[in-house]
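J.: make a model of this:
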Amino acid sequence: MEEIQSSENKQLQMALFKQRGLDAYLNRDLSKFQERFETLQLLLDKPANNDNYEQAFSIFYDIIDAVPLLYNELNGSDIFRAQTNRPNELFDSQSRISYNKTYPKLIAPGKFNVWYEPMFYGCLPYRPVNDNEYLPPYLTATFETCKELKSRTILLQDFTIGQWKNKSPFHVINLCFDDFHLAHNYELKRANDEYVKDLTENLSGPAGDFVHQLFKYYSELCRTGSNEGSYYILTALFNAIRQYYGNENAEVNGLISCSAATDGVGLNIVLTPEAVDKYLYLNAVLMYRFFLVLPEALKYAAYPCSEIILNHQQIDDFNFTFKEYLIPAERF
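T.: Coordinates of the predicted model:
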């Protein structure tokens with residue numbers, strides 16, 4: 001992906017890694033880190049309570065200190081986010097389709113957030129290996145927002161989709177080392193492979209294998225994990241990342257992972273509310289309709305059902321008005 005830039009950041013990370021002797025640290029204490037990794041795996045099946053969360057957080061923090069993560073600059077990329085509409089509902093404000101800042105008490109635990117904690121979940125574009133197997137990010141966003149689409153248990157659903165753009169570059173952690181997604185995304189695979197190669201060239205064989213295993217395990221968990229156990233573990237990971245890099249005076253604004261709702265084809269990003277307010281603006285909004293094709297009920301017809309509204313002046317708190325639904329008669 002041209003929008004994810006890592007070469008300069010990678011060089012700085014590698015220099016820091018060697019300067020601090022982290023390669024020797026990981027080689028020397030590998031058995032300790034392997035034991036902690038096994039503990040993290042066991043915590044997946046334990047209750048999502050404060051004690052288990054704090055234990056996971058502490059272990060992740062220690063591992064991140066020995067295994068630098070892929071710290072990317074995001075610049076110029078579109079980010080798409082969708083919100084479901086109730087029947088005949090028309091949204092008219094940016095706040096209604098952004099992270100939930102109005103009713104935090106309604107926020108349940110998510111893949112990277114705890115109770116009542118707002119986060120901005122969006123989707124990124126990439127250049128696919130095969131266009132026929134690519135789901136555009138604005139459609140990936142609808143599946144992430146409405147899980148019923150995947151199970152085809154809803155007849156009709158309208159979405160309001162926002163396209164967000166960068167005001168300026170910002171930094172995120174890339175945790176998309178999932179082999180299934182990377183088979184579709186050759187540019188990200190090349191960047192990831194180069195990073196792991198540079199990271200492991202001064203490690204022992206077993207330590208290098210540990211780094212590979214660690215990255216892939218939690219990348220795959222982002223794709224396959226959909227229960228309370230995986231959610232609290234991934235949230236502990238995200239919060240440990242943010243605190244560790246914050247203590248190192250390196251701002252982490254979000255995390256990139258593959259899309260669970262699209263079985264790994266799509267590319268997701270989670271951002272903190274502060275990052276959204278500081279680095280993004282809502283560039284365009286559009287409504288989309290999904291209609292289950294009957295009687296087979298095996299697929300949806302999906303099509304725009306409104307005009308596109310553009311934020312030409314890049315207003316921070318953008319309000320808009322949809323004039324009417326645009327429903328092609330042949331769809332019915």
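
J.: so for the strand or helix carrying E187, mean pLDDT?
T.: In this assignment (DSSP states H and E), E187 forms part of helix 186-200. Mean pLDDT, helix 186-200: 92.

J.: and the most centrally placed residue in the chain, what is it in contact with?
T.: Geometric centre of the chain, nearest residue: I269, 2.6 Å, by Cα atoms, centre = their mean. Residues in contact with I269 (Cβ atoms under 8 Å, 6 or more residues apart in numbering) are L74, I79, Y121, G122, C123, L124, V172, G254, L255, I256, S257. The way it works is simple: take the backbone N, C-alpha and C, and place the C-beta from them, glycine included.

J.: for ChimeraX, what selects the buried ones among those?
T.: The buried residues among these can be selected in ChimeraX (16 or more other Cβ atoms under 10 Å) with this line:
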select :74,79,121,122,123,124,172,254,255,256,257
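
J.: thought T140 was touching D263?
T.: No - with contact defined as Cβ atoms under 8 Å, T140 does not reach D263; the gap is 10.8 Å.

J.: return the distance of the helix or strand containing D65 from the chain's centre.
T.: Assessed by DSSP H and E, D65 sits inside helix 50-66. Centroid separation for helix 50-66 versus its chain: 20 Å, with Cα atoms, centre = their mean, to the nearest Å.

J.: only alpha carbons, please: show that helix as CSV.
T.: Below are the C-alpha coordinates for helix 50-66, written out as CSV (Å, rounded to 0.1, in the frame of the first residue of the first chain):
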residue,chain,number,x,y,z
ASN,A,50,-10.1,-7.4,35.6
ASP,A,51,-7.5,-9.8,37.0
ASN,A,52,-7.1,-11.7,33.8
TYR,A,53,-7.1,-8.5,31.7
GLU,A,54,-4.3,-7.0,33.9
GLN,A,55,-2.3,-10.2,33.6
ALA,A,56,-2.6,-10.1,29.8
PHE,A,57,-1.8,-6.4,29.7
SER,A,58,1.4,-7.0,31.8
ILE,A,59,2.6,-9.9,29.6
PHE,A,60,2.0,-8.0,26.4
TYR,A,61,3.9,-5.0,27.7
ASP,A,62,6.9,-7.2,28.5
ILE,A,63,6.8,-8.9,25.1
ILE,A,64,6.5,-5.6,23.2
ASP,A,65,9.6,-4.4,25.0
ALA,A,66,11.6,-7.3,23.4
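
J.: flag every buried residue along it.
T.: Under 16+ other Cβ under 10 Å, the buried positions of helix 50-66 are 52-53, 55-57, 59-66.

J.: circling back: in a markdown table: the contacts of I269, plus secondary structure and distance to H212.
T.: Below are these laid out as a markdown table (DSSP: H, G, I helix; E, B strand; the rest coil; distance: Cβ to Cβ, whole Å):
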| residue | secondary structure | distance to H212 |
| --- | --- | --- |
| L74 | strand | 24 |
| I79 | strand | 29 |
| Y121 | strand | 27 |
| G122 | strand | 28 |
| C123 | strand | 26 |
| L124 | strand | 24 |
| V172 | strand | 21 |
| G254 | strand | 24 |
| L255 | strand | 19 |
| I256 | strand | 18 |
| S257 | strand | 17 |
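
J.: farthest-apart pair in the contacts of I269, please.
T.: Using Cβ to Cβ, the two most remote members of these are L74 and Y121, lying 15.1 Å apart.

J.: other residues contacting the helix holding D65?
T.: 22, 25-26, 29, 33, 36-37, 39-40, 43, 46, 214, 232-233, 235-237, 239-241, 243-244.

J.: again with stretch 224-236
T.: Contacts of stretch 224-236 (Cβ under 8 Å, 6+ apart): 40, 43-46, 48, 52-53, 56-57, 60, 109-114, 218, 221-222, 260.

J.: likewise for stretch 245-254?
T.: Taking Cβ under 8 Å, 6+ apart as the rule, stretch 245-254 contacts 71, 74, 120, 170-173, 241-242, 269-272, 274-275, 279.

J.: so how far is it from its chain's centroid?
T.: For stretch 245-254 - counting by Cα atoms, centre = their mean - the centre lies 17 Å from the chain centre.

J.: buried residues of that stretch, list them for me.
T.: Using 16+ other Cβ under 10 Å as the test for burial, stretch 245-254 gives Y245, E251, V252, N253, G254.

J.: next: stretch 264-274.
T.: For stretch 264-274, by 16+ other Cβ under 10 Å, it's G264, V265, G266, L267, N268, I269, V270, L271, T272.

J.: also stretch 68-80?
T.: P68, L69, L70, Y71, N72, L74, S77, D78, I79, F80.

J.: what's the span of it, first residue to last?
T.: 28 Å (Cα to Cα, to the nearest Å).

J.: same thing with stretch 241-255?
T.: Termini of stretch 241-255 sit 9 Å apart (Cα to Cα).

J.: rounded mean pLDDT for it, please.
T.: 92.

J.: what of stretch 101-113?
T.: Here the average pLDDT along stretch 101-113 is 92.

J.: hmm, who's touching that stretch?
T.: In this structure, residues lying in contact with stretch 101-113 by Cβ under 8 Å, 6+ apart are 48, 95, 100, 115-119, 121, 222, 225, 228, 230-232, 234-235, 238, 255, 260, 270, 273.
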